[in-house]
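Novice: What follows is a predicted protein model with its sequence.
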Protein chains: 2
Amino acid sequence: MVPVPRQQGSRTERRREETRRRIVTAAGHLFSLQGIDSTTMEQIAAEADVAKGTLYSHFPAKEAIIESLVQQRFRDRHQLRLDRLHNLPDTRARLVLVLGELMEGVRSQPDLFEKYLASRIRTVVSLRPQESTGSGLRLLAAEIIRLGQRGGEVRTDLPDELLCDLFEFVFVEAAKPFYLAPGEFDAAASISRSADLFLRATRPDPAGSD
Amino acid sequence: MVPVPRQQGSRTERRREETRRRIVTAAGHLFSLQGIDSTTMEQIAAEADVAKGTLYSHFPAKEAIIESLVQQRFRDRHQLRLDRLHNLPDTRARLVLVLGELMEGVRSQPDLFEKYLASRIRTVVSLRPQESTGSGLRLLAAEIIRLGQRGGEVRTDLPDELLCDLFEFVFVEAAKPFYLAPGEFDAAASISRSADLFLRATRPDPAGSD
DNA sequence: ACCAAAAATATACGTAGTTCAATGATGTCC
DNA sequence: GGACATCATTGAACTACGTATATTTTTGGT
């Protein structure tokens, strides 16, 4: 019989997990310090104090590290956001809250946002059927939609996928003015318009209205 | 005073223009033959019979060649599409027509579509204020919107930019099912749903309706 | 204590996109 | 018509991603 070292929750596994986190953290540090593109894999390896090969034993490519970083940052605040969502009266308020918080993230790390969107596109186009569900963003969107549908504010005759995509779209739209003119960026107005657009597009048919 | 060789319409300029076209054509050829990613800049240079450096004197990066190719392909059919647009009765018909035609392009060259979207994101995010207006796609969208507004079907209290973006979005949505399940792809249904979404979101306020 | 398996290391290498100093052709001016 | 300035063009060098491999270290089970 082969020994078959069953490793779940074992030290090896914890060690590996810790290394992985150290890599992601190091990457995040360097990214915010010098930008993503000018941060090399060797630098990340040095900062995380591992060999280059180790990076590739954990992540197939640089892009994967970026995705992982985004996911991690999302997870950090996810529960908190969910809780706040449930304390709000209607979909519009929920949209405004979430869009506002997301905007903060966008402002602090624009290039991370860019890479996130780029990788989203790839998962859509390059025949990967929603492998990693993107990140917490879509979970958040799904929750807003679910609550909205329950309250009768959001139509239920469209695929959830589509509604999530629409949320993502209005999020990008809300962030756009920031990029084009960061100085005179009126976040509140931009967000409000995005929320409107979303509500308009997803409002139930007025056919059977009172 | 400095000599300042004014070169417009001169031989050098014609030569340069021709070289540029040869590059784009060569790229297009190789792309459709072996895919974009597996086509190297060296191959493009060889096919166009120029040195590698020449590529970069015409285009700042590989991405720029791709954009140029997309633009060129769009321009080829642009006038024809515009004409057809004007012969249709309402916005819905125009959307369905244009989305249908675009879908053909997507089907024939999926990776080109992917790269187009990726570069669109970069122009939004990377502080380039709509430098090249994307491609003919946005011109087409703008025309549909203009006609729709003239006919009172599309609201006029939103920036044209936003409406174009929304068109782009519903276009991507329409194309998505094709990527996820190319076999059972019902183009007509997908397009119809996208058109609906667009009309819903851009319909004028029912406040002052009759 | 010993052994097998897995993780991490160090290093060299292939590849492809991008840069740059030098070269050559073209148009202008005297 | 010749010299000079201005570009387009060249191709070699550079950078960074990703791969491969031989070696060492750590871990888990017997």
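Specialist: Done, it's in. Residues are numbered from 1 along each chain as shown, chains lettered A, B, ... in the order given.
Novice: make it CA atoms for all contacts and neighbour counts henceforth
Specialist: OK.
Novice: per the record, what domains does chain A have?
Specialist: Listed domain ranges for chain A are A:9-59, A:63-202 (source: automatic domain parsing).
Novice: Give me the residues contacting stretch A:187-204.
Specialist: Applying C-alpha atoms under 8 Å, 6 or more residues apart in numbering or on different chains, the contact partners of stretch A:187-204 are A:92, A:95-96, A:99-100, A:152-156, A:163, A:166-167, A:170-171, A:173-175, A:177-178, B:197-198, B:200-201.
Novice: filter these to the buried ones?
Specialist: Neighbour counting with 16 or more other C-alpha atoms under 10 Å in any protein chain shown marks A:92, A:95-96, A:99-100, A:153-156, A:163, A:166-167, A:170-171, A:173-175, A:177-178, B:197-198, B:200-201 as buried within the contacts of stretch A:187-204.
Novice: The residue in chain A that DNA strand C sits nearest to: what secondary structure?
Specialist: Nearest residue of chain A to DNA strand C (C-alpha to the nearest atom of the strand) works out as A:V50 at 3.3 Å. For A:V50, the assignment made with DSSP: H, G, I helix; E, B strand; the rest coil gives coil.
Novice: hang on, the earlier thing: what would the domains of chain A look like in a markdown table with distance to DNA strand D and mean pLDDT?
Specialist: Below are the domains of chain A laid out as a markdown table (distance: least, C-alpha to the nearest atom of the strand, whole Å; pLDDT from 0 to 100):
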| stretch | distance to DNA strand D | mean pLDDT |
| --- | --- | --- |
| domain A:9-59 | 3 | 94 |
| domain A:63-202 | 6 | 90 |
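Novice: Could you single out the most deeply buried of those domains?
Specialist: Across the domains of chain A, the average number of neighbours (mean count of other C-alpha atoms under 10 Å in any protein chain shown) peaks for domain A:63-202, which reaches a mean of 17.
Novice: quick check, it touching DNA strand C?
Specialist: No. Applying C-alpha under 7 Å from any atom of the strand, one finds domain A:63-202 separated from DNA strand C by no less than 14.5 Å.
Novice: Next, the distance between the ends of that domain.
Specialist: With C-alpha to C-alpha, to the nearest Å as the measure, domain A:63-202 spans 33 Å from end to end.
Novice: Please compute how far it lies from its chain's middle.
Specialist: 7 Å (C-alpha atoms, centre = their mean, to the nearest Å).
Novice: Spatially, what comes nearest to A:H78 if we skip its sequence neighbours?
Specialist: Using C-alpha to C-alpha, 6 or more residues apart in numbering or on different chains and skipping the chain neighbours, the partner closest in space to A:H78 is A:G136 (6.9 Å).
Novice: thinking again about what came up before, let's see which of the buried ones among the contacts of stretch A:187-204 end up in helices.
Specialist: A:92, A:95-96, A:99-100, A:163, A:166-167, A:170-171, A:173-175, A:177-178, B:197-198, B:200-201 (DSSP state H).
Novice: tell me the secondary structure for A:I36?
Specialist: Of the three states, A:I36 takes coil according to three-state DSSP.
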